[in-house]
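Student: no sequence on this one, just coordinates:
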């Protein structure tokens, strides 16, 4: 039973440092257009009973926020189910064009507007993908007092109607993260999704729910947190995500929330299509000129690029030499964590379907493969950065060979999962 009528969503993929991060925004068609309306708002307002959901890893703040809001609107779910519903654990894209070699974990391809809409429909909710790019078209995302005031009046207006707002902030402008991660400079910035749930103009504070402290099991630092309005503005304006943008999600009167079993069956069918590499299953994925290979097809091309050849290993080793260590680390670690999280969800919900245990055990095995690939990829990155290309090719031949073998094992796992699910 859904208890509220509307909610707002900015769907932001965030990892604390990840260069692979991708930001997909749902912007509202129902903005409070006039600042005069702000004068009619209460001086302070806190939305009651917004549940807190922590994110288990750095790649999934937006999914944690989405889980909070789905629960707030009366549909019982977990972040693990939302991850599964969104395609995490079964999705992969590999952008390969000329000398570009860019693998993308599931979190990088599962947050596009149409994919979000598809996920929301399982829970009886909807949004308007056409409105997502409005703020960019209108040029209202540049830092300015006017854009801030418009944004802030929108935030307060929706909160006063009991509609929590997801927004993108720079975590390194928030004292909790600066202290937790020992950030002392002012140059480090990132993008992170939080839910704004209250404000007080009298004492100039903002209240929010933050899934991030779930990484450290610290609900007390994520639920109904208060911060000064000035620090909040700094965080909003310093984000590397999307600035000032809010989006609207509503109940769908023509689409009731499905049961957990129904949600699983629909999601699993779509997830297998993703694993097969069917483009239609990657709803709304915004394909760049560098056309990506998807699912198992992408993995096969990724594997091939570690094999000998001028258009394969030579370009791949050269590409690794240009990557920051954190870039390499995050892609492979994120793949490991995605498989790990979905494996746990499936094994804890075996009653939903016979495929749960089979898929869960296979994804657990795949998670170990990505763990091993992480270690090898970091070795490849270090060697290629510290030597010229010819020497790097000589020193890394055994590494790329082993990476190709492990990717072959992952492909075998995917083929078994697909076979089981047909």
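Tutor: In hand now; what should we look at? Small disclaimer: the values here were computed from a predicted structure and weren't measured.
Student: all contacts plus neighbour counts: C-alpha atoms, from now on.
Tutor: Noted.
Student: and the strand ranked longest in the chain, what does it pack against?
Tutor: Counting residues, the longest strand in the chain under DSSP state E turns out to be strand 192-200. Contacts defined by 3 or more Cα pairs under 8 Å, 6 or more residues apart in numbering; DSSP states H and E place strand 192-200 against strand 44-46, helix 61-72, helix 145-159, strand 165-169, strand 205-209.
Student: now do that strand against helix 61-72, angle only.
Tutor: Taking axes from the mean of the first three to the mean of the last three Cα atoms, to 10 degrees, one finds that strand 192-200 is oriented at 50 degrees with respect to helix 61-72.
Student: wait, which of the helices and strands packed on strand 192-200 is closest to residue 240?
Tutor: strand 165-169 (7.9 Å; Cα to Cα).
Student: picking up where we left off before, tell me the most buried of the helices and strands packed on strand 192-200?
Tutor: Sort the helices and strands packed on strand 192-200 by mean neighbour count, taking mean count of other Cα atoms under 10 Å, and strand 165-169 sits at the top with a mean of 30.
Student: now for whichever helix or strand comes after it, which elements pack on it?
Tutor: Using DSSP states H and E, the helix or strand that follows strand 165-169 in sequence is helix 175-180. Contacts defined by 3+ Cα pairs under 8 Å, 6+ apart place helix 175-180 against no helix or strand at all.
Student: which of the residues in helix 175-180 are classified as buried?
Tutor: 177, 178 (16 or more other Cα atoms under 10 Å).
Student: hey, where'd the strands end up in the chain?
Tutor: Going by DSSP E, the chain shows strands at 6-8, 44-46, 93-97, 100-104, 125-127, 165-169, 192-200, 205-209, 225-228, 248-251, 292-294.
Student: out of these, which one sits most buried?
Tutor: Taking mean count of other Cα under 10 Å, strand 165-169 is the most buried of these, at a mean of 30.
Student: that one to helix 145-159, inter-axis angle?
Tutor: Using the same axes, to 10 degrees: strand 165-169 against helix 145-159 is 150 degrees.
Student: for strand 165-169, the averaged confidence score.
Tutor: Averaging pLDDT along strand 165-169 gives 89.
Student: sheet partners, orientation included, of it?
Tutor: strand 192-200 (antiparallel) (DSSP bridges).
Student: mind checking how far residue 81 is from residue 263?
Tutor: 9 Å (Cα to Cα, to the nearest Å).
Student: I'd say residue 228 and residue 201 touch.
Tutor: No - between residue 228 and residue 201 there is no contact under Cα atoms under 8 Å: 10.1 Å.
Student: still on that earlier bit, as a markdown table, the strands of the chain with distance to residue 277 would be great.
Tutor: Formatted as a markdown table, the strands of the chain follow (distance: least, Cα to Cα, whole Å):
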| stretch | distance to residue 277 |
| --- | --- |
| strand 6-8 | 31 |
| strand 44-46 | 45 |
| strand 93-97 | 9 |
| strand 100-104 | 13 |
| strand 125-127 | 26 |
| strand 165-169 | 31 |
| strand 192-200 | 29 |
| strand 205-209 | 36 |
| strand 225-228 | 42 |
| strand 248-251 | 29 |
| strand 292-294 | 5 |
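Student: so which of those strands is nearest residue 354?
Tutor: Closest approach to residue 354 among these (Cα to Cα): strand 292-294, 26.3 Å.
Student: which other residues reach that closest one?
Tutor: Outside strand 292-294, the residues that touch it by Cα atoms under 8 Å, 6 or more residues apart in numbering are 91-96, 274-279, 298, 301.
Student: just the buried residues of those residues.
Tutor: 91-96, 274-278, 298, 301.
Student: can you redo those as a markdown table with pLDDT and distance to residue 352?
Tutor: Compiled in a markdown table, the buried ones among the contacts of strand 292-294 are given as follows (pLDDT from 0 to 100; distance: Cα to Cα, whole Å):
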| residue | pLDDT | distance to residue 352 |
| --- | --- | --- |
| 91 | 97 | 21 |
| 92 | 96 | 25 |
| 93 | 94 | 28 |
| 94 | 94 | 31 |
| 95 | 89 | 35 |
| 96 | 88 | 37 |
| 274 | 96 | 20 |
| 275 | 98 | 20 |
| 276 | 97 | 22 |
| 277 | 95 | 25 |
| 278 | 93 | 25 |
| 298 | 96 | 29 |
| 301 | 96 | 34 |
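Student: out of these, which one sits closest to residue 312?
Tutor: For the buried ones among the contacts of strand 292-294, the nearest to residue 312 is residue 301 (9.4 Å; Cα to Cα).
Student: what residues are up against the closest one?
Tutor: Taking Cα under 8 Å, 6+ apart, one finds 94, 293 in contact with residue 301.
Student: now it: how far from residue 208?
Tutor: Distance from residue 301 to residue 208, by Cα to Cα: 43 Å.
Student: helices of the stretch 1-150 of the chain, residue ranges please.
Tutor: 61-72, 79-86, 106-109, 113-121, 134-138, 145-159 (DSSP state H, counting those that start in this stretch).
Student: I'd say residue 117 and residue 127 touch.
Tutor: Yes - if you go by Cα under 8 Å, residue 117 and residue 127 touch, sitting 6.1 Å apart.
Student: which helix in this protein runs the most residues?
Tutor: Longest helix in the chain, counting residues (DSSP state H): helix 355-386.
Student: what residues sit buried inside that helix?
Tutor: Applying 16+ other Cα under 10 Å to helix 355-386 flags 355-374, 376-378, 380-385 as buried.
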